[in-house]
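**Q** Here is a sequence with its predicted model. Questions after.
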Amino acid sequence: MKYWSYLAAKLMAAVALAFWLHRCVQFAFPIPPKNRYGYRPSLFLQDMGFTFAILGVWLVATGLFALVIWDQRRRCRTCLRRLRMPITLGSWSNMMMFGRPQTAWICPYGHGTLKRDDVQLDVQLGAFSTSSWEPHGDDIWKELESCGSREK
């Protein structure tokens, strides 16, 4: 729940910043006078400077939303810290034997591992690059002891 709340908070901050930029652009341009029908025409598509400024605001807002989503995908689902230590799994040359190449990131506190496919398949084939989150147990020492007992 903390993971999704953090995403919602970041998205709300991005929306607030985009709204503030939009209001700054509207404040920077003069309000057009009322026409003979009693309403004020919109400056959008009527004034080139205003239209390009709104386009700039839209591009900044789109970049902010992409940055928020990109950052959220690389965070631990438990503690919200950035995932670290990328490890390449699989082999490009031996893809049929060892499986698809993947990159795995781990939480620095051992909460889990995020694995993401490096192969980008065609959309027409119906396969996409997927990522999977694998949570680790609460007791990391128990997991390490079980790895050591298998070797003996």
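**A** The structure has been received and is ready for your questions.
**Q** so what are the domain limits for this structure?
**A** For the chain, automatic domain parsing gives the domain ranges 2-73, 84-151.
**Q** With adjacent residues omitted, what lies nearest to Gly49?
**A** Phe29 (7.1 Å; Cβ to Cβ, 6 or more residues apart in numbering). Bear in mind the C-beta positions are built from the backbone N, C-alpha and C, glycine included.
**Q** where does the residue nearest in space to the middle of the chain land on pLDDT?
**A** Nearest to the mean C-alpha position of the chain, by Cα atoms, centre = their mean, lies Ile69 at 1.7 Å. What the model reports for Ile69 is a pLDDT of 94.
**Q** so how far is Tyr3 from it?
**A** Using Cβ to Cβ, to the nearest Å, we find Ile69 at a distance of 13 Å from Tyr3.
**Q** what are the ranges of the helices in the chain?
**A** 2-28, 48-73, 95-98, 140-151 (DSSP state H).
**Q** Tell me the spacing between Met85 and Ala13.
**A** For Met85, the distance to Ala13 - Cβ to Cβ - is 28 Å.
**Q** what do you get for Arg84?
**A** Applying Cβ to Cβ to Arg84 and Ala13 gives a distance of 24 Å.
**Q** Please apply the same query to Leu45.
**A** From Leu45 over to Ala13 the distance is 30 Å, taken as Cβ to Cβ.
**Q** returning to that earlier point: verify the stated contact: the residue nearest to Gly49 with Leu43.
**A** Yes: between Phe29 and Leu43 there is a contact at 5.9 Å, judged by Cβ atoms under 8 Å.
**Q** which of the two has more neighbours?
**A** Neighbours were counted for Phe29 and for Leu43 using other Cβ atoms under 10 Å; Leu43 has more, 19 against 13.
**Q** just for the chain, where's the confidence low?
**A** Under the criterion pLDDT under 70, the flagged ranges of the chain are 120-129, 138-152.
**Q** Look through it and report the residue furthest from the middle.
**A** Arg36 (48.2 Å).
**Q** Next, that residue: phi, psi?
**A** When read as degrees, to the nearest 10, the backbone of Arg36 gives phi -70, psi -10.
**Q** show me the contacts for it.
**A** By Cβ atoms under 8 Å, 6 or more residues apart in numbering, the contact set of Arg36 is empty.
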